[in-house]
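Peer 1: no letters, just coordinates:
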C-alpha cells in the first residue's frame, strides 16, 4: 500500500502517538468522541455610533421661530423707515414745513431705532440658545467617547478570554479510548464487515502488543482480516509469524507433540466439527477416537499425519493390497498390526468408519512434516486461504481451534489476565461444543478470548454474551440479527456518530486491503499478485525465513521467548506510526482530516440515531456498539475502532468515565 506522504496528515510538529500509555489491565476496543465545552463564536465587536451633533432640523426650527417672533419689529421698522423717507421727500418738495417735517421725521426715526434694537436683542437670544445647545451636545459627545472607549476595552478582554478558551479546547483531548477491564475474560463481536474487523483487530491487538502481551489470531473468514495489523506490527518493530493454510501446513507444529490418546481425541472432534455448525455430527467422536487411538498405537511413536492417513486407508481397505504393502509411509510390521484392527463382526463397520475418517483427515496429511526453527514472535497469525477447497477449509478451521484449546489447557494458568490473547474471527463456522470448549479453556487459564461472528445463527445466539463477557455489535446486514442486537442493547439508547467516523467510512472499501505473506517457509520466494489499488491490494507468497511454534503458551514457549524485543512495543508511537503510514485506515483518516481544514472540525457531531434494527444495519464499518459490564450495571458505549485515530493530536489514552450512554 502507498505511503501517506502528501495527504496533509499529520500536521507539522504533531507527534504520531496519543498522549499516555497503554495499560495492561485494560483491553482497548476503539475510541469515543468526547463532548467538550464549545468556546462558541468569537465576541461581536461594539458598534461604532456617529457622534452627536446639533440637529439641523432643530436649528432650522429655532431660526424659523425667531423669525416669526421678529416679524412685528421688522414690519414696524419698515413702516417707520418708509414714513421717514416720505416726510423727507415731502419736505424737499415743499409740501411740508420744516417744523412739521422735523417732528414727523424724528418720530419715524425713533420708531425705526426701537424696532432695530428689538431685532438685535432677538438675534442675541437666538445665538445664546445655539451656544447652549452646542455645549450640551458636546457634553453628550464626550460621554459617548468615554462609553466607546470602555466598551472597546471590554471587547478586547472578551476576545482574549475567548482565545484562551479556544486554545484550551484545541489542546483538550477529543478522543478517549473505549476499554473493557481485563477481568472480563471474553469479548463477543457480532456482525461487522471485513473492513470493520480489520480496524477492530488492529486497534485491539496493537494495544495488547504495546502492553507487552502476546496475541494469537485465527482468521477463519478467508478474507485476510489481519492485513492492517501485520502492516502496523512490521512498522512497529515486531516481526509477526504468519501461516497461510493449507500451503503452510508442513511448517505448522500445532498438535504435533500430543500424546496418541489426546491426538486421537482432537482428531475425532475435528472430524465431527468439520460440518455445518448447529447440525448433529455424522461421526460419533467416541467411536472415532477409539479407532484413531488403535491406529496410532499400531503405527507406534512418532507417527505423522501422513502415516495416520495411510493407516486409515489400510484399515479401510482403500485401494489394492499391493499398494499398502508397497506404501512408503508404512512399514510391513505396521501394516501387520493394522490388519489386526477390527475383530469378528466389525469388518464392514470398521472399513466404513476408517474410510470416512481418512476422507476428512486427508487434508491434515502435510501437518508438521517440515517444522521450522525460529525465535517465537509475540504476534502469530494463522488464516485460511480463500482459494482452499471448502472441505479442506472446514477441517482446517475445526482443527486449528480444537488443537489450540487443548494446547492451552495443558499449560498452567496465566498470572496476568489477557497477557495471552486469542482472537478467533469467523467463529460462526464452529459448532457449539467447540465454542464452549474454547471459552471454558480460556476462562480457566486466564487467557483473553475474542470471538468474532459475522452472523448470529441459533447456536451462537444462545452463547452471545453468556457469562462474564462483553458484547460488541458492529454493522449487521441481516435483519433478524439486527433485531436481536437491538433487543439486547436496549432501544432506549441514543448515540451520536462523529463526523470523522462517517467521513472515513465513506472512503474505506468493503474489501480488506493490504498484503499477506507467509513468514514460516523454507521454500524459495514465490508471489502471486491478485489485485492492487490505491488503498486496497492483495498478494500472497511464501518467504524464505523460518519460524517458531504457533502456540507460544505451549510448554516452555512463554519462558523462552525473546524478551528483548518487547521494548519495541513498549510505546504506542510505533503502532500509530505504522498504521498511519501503511494502512488504508491511516490513508483514509488522513484524507478525512485534511479535507476539514482543521482537526477539531473532524470531531464535530454528524448525526444522532436511536438503537433500532434499521440503524444497526447502516452503521459505519468501524462503528462498535459495546455492551460492557460496569459497577452500576451494564454500560452501552458507541466507539470507533479506526486505529488511525491514535495519530490525532486530540487523542489521549487517559481513560475517563463515559458521558452517558453514547
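Peer 2: Yep, it's here. Just so we're clear, the structure is a prediction, and the values are computed from it rather than from any experiment.

Peer 1: what comes up buried for the helix or strand that contains residue 270?
Peer 2: In this structure, residue 270 sits in helix 260-273 according to DSSP states H and E. Buried residues in helix 260-273, counted by 16 or more other Cβ atoms under 10 Å: 260, 262-273. Yep, even glycine has a C-beta here, placed from its N, CA and C like the rest.

Peer 1: nearest to residue 46 among those residues?
Peer 2: residue 273 (77.9 Å; Cβ to Cβ).

Peer 1: my read: the closest one touches residue 400, true?
Peer 2: No - taking Cβ atoms under 8 Å as the definition, residue 273 is not a contact partner of residue 400, at 10.9 Å.

Peer 1: pLDDT score assigned to residue 342?
Peer 2: Predicted confidence (pLDDT) for residue 342: 61.

Peer 1: give the contact list for the nearest residue to residue 446 once chain neighbours are set aside.
Peer 2: Distances taken as Cβ to Cβ, 6 or more residues apart in numbering place residue 414 nearest to residue 446, at 4.0 Å, with adjacent residues excluded. Residue 414 is in contact with 420, 445, 446, 447, 553, counting by Cβ atoms under 8 Å, 6 or more residues apart in numbering.

Peer 1: buried ones from those, can you make that a ChimeraX selection?
Peer 2: Burial among the contacts of residue 414 is assessed by 16+ other Cβ under 10 Å; the matching ChimeraX selection reads:
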select :420,445,446,447,553
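
Peer 1: now, which of the contacts of residue 414 lie within strands?
Peer 2: Using DSSP state E, the subset of those located in strands is residue 420.

Peer 1: out of the contacts of residue 414, which is nearest to residue 611?
Peer 2: residue 447 (31.5 Å).

Peer 1: I'd like to know how far the closest one sits from residue 252.
Peer 2: Per Cβ to Cβ, to the nearest Å, residue 447 is found 20 Å from residue 252.

Peer 1: repeat for residue 25
Peer 2: 33 Å.

Peer 1: so for those two, which sits in the more crowded spot?
Peer 2: residue 252 (28 against 12; other Cβ atoms under 10 Å).

Peer 1: wait, doesn't residue 32 sit right on residue 636?
Peer 2: No - counting by Cβ under 8 Å, residue 32 sits too far from residue 636 to count as a contact (11.7 Å).

Peer 1: out of the two, which sits in the more crowded spot?
Peer 2: residue 32 (25 against 22).

Peer 1: show the average pLDDT along the lengthiest helix in the chain.
Peer 2: As assigned by DSSP state H, the longest helix anywhere in the chain is helix 98-171. With pLDDT averaged residue by residue, helix 98-171 scores 83.

Peer 1: and if you look at stretch 363-383?
Peer 2: 86.

Peer 1: quick one: end-to-end length of it, please.
Peer 2: Counting by Cα to Cα, to the nearest Å, you get 15 Å between the two ends of stretch 363-383.

Peer 1: quick one: buried residues of that stretch?
Peer 2: Buried positions in stretch 363-383, judged by neighbour count with 16+ other Cβ under 10 Å: 363-368, 370-372, 376-383.

Peer 1: check the offset of that stretch from the chain's centre.
Peer 2: 32 Å (Cα atoms, centre = their mean, to the nearest Å).

Peer 1: tell me where the stretch 451-600 of the chain is predicted with low confidence.
Peer 2: 491, 505-517, 520-548, 551-584, 590-591, 593-600 (pLDDT under 70).

Peer 1: how about 50 then?
Peer 2: For the stretch 451-600 of the chain, the stretches with pLDDT under 50 are 510-514, 521-547, 554-582, 596-600.

Peer 1: among the buried residues of stretch 363-383, which are located in strands?
Peer 2: 379, 380, 381, 382, 383.

Peer 1: now render those residues as CSV, adding distance to residue 155.
Peer 2: CSV is the format used below for those (distance: Cβ to Cβ, whole Å):
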residue, distance to residue 155
379, 58
380, 63
381, 61
382, 66
383, 63
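
Peer 1: assign residue 374 to helix, strand or coil.
Peer 2: coil (DSSP: H, G, I helix; E, B strand; the rest coil).

Peer 1: could you measure from it over to residue 245?
Peer 2: 18 Å.

Peer 1: just residue 363 next, same as before
Peer 2: For residue 363 relative to residue 245 (Cβ to Cβ), the value is 9 Å.

Peer 1: mutual contacts of the two, please.
Peer 2: In contact with both residue 363 and residue 245: residue 396, using Cβ under 8 Å, 6+ apart.

Peer 1: tell me where the stretch 401-550 of the chain has strands.
Peer 2: 420-425, 448-453, 469-473, 494-498, 526-532, 537-542 (DSSP state E, counting those that start in this stretch).

Peer 1: the nearest residue to residue 428 once chain neighbours are set aside pairs with what?
Peer 2: Nearest residue to residue 428 in three dimensions, chain neighbours excluded: residue 453, at 4.5 Å (Cβ to Cβ, 6+ apart). Beta-bridge pairing for residue 453 (DSSP bridges): residue 190.

Peer 1: can you pull the contacts of residue 453?
Peer 2: Contact partners of residue 453, counting by Cβ under 8 Å, 6+ apart, are 188, 189, 190, 191, 426, 427, 428, 460, 464.

Peer 1: rerun at 6 Å
Peer 2: 190, 427, 428, 460 (Cβ atoms under 6 Å, 6 or more residues apart in numbering).

Peer 1: pull out the buried residues from the residues you listed.
Peer 2: 190, 427, 428, 460.

Peer 1: Serialize these to TSV and add fields for distance to residue 240.
Peer 2: Converted to TSV, the buried ones among the contacts of residue 453 look like this (distance: Cβ to Cβ, whole Å):
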residue	distance to residue 240
190	27
427	21
428	25
460	28
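
Peer 1: quick check: the two most widely separated of those residues?
Peer 2: Taking every pair in those and measuring Cβ to Cβ, the maximum separation is 10.4 Å, between 190 and 427.

Peer 1: residues near residue 106, how many?
Peer 2: The burial count for residue 106: 12, using other Cβ under 10 Å.

Peer 1: measure it to residue 100 for me?
Peer 2: 11 Å.

Peer 1: ok so residue 54 is a strand residue?
Peer 2: No - per three-state DSSP, residue 54 lies outside any strand segment and is coil.

Peer 1: go ahead and confirm it touches residue 135.
Peer 2: No - counting by Cβ atoms under 6 Å, residue 54 stays clear of residue 135, with 10.3 Å between them.

Peer 1: who's more crowded, the two?
Peer 2: residue 54 (14 against 9).

Peer 1: what's near enough to touch that one?
Peer 2: Taking Cβ under 6 Å, 6+ apart, one finds 133, 134, 137 in contact with residue 54.

Peer 1: per-residue confidence for the closest residue in space to the second one that isn't next to it in sequence?
Peer 2: Counting by Cβ to Cβ, 6+ apart, residue 54 is the residue found nearest to residue 134 once chain neighbours are left out, at 6.0 Å. The confidence metric pLDDT takes the value 73 at residue 54.

Peer 1: now residue 54: phi and psi?
Peer 2: In terms of degrees, to the nearest 10, the main-chain angles of residue 54 are phi -60, psi 130.

Peer 1: ok, residue 42 next?
Peer 2: Here residue 42 shows phi and psi, under degrees, to the nearest 10, equal to phi -70, psi 160.

Peer 1: that one and residue 155, how far apart?
Peer 2: For residue 42, the distance to residue 155 - Cβ to Cβ - is 10 Å.

Peer 1: count the residues that sit near residue 124.
Peer 2: Neighbour tally, residue 124, other Cβ under 10 Å: 10.
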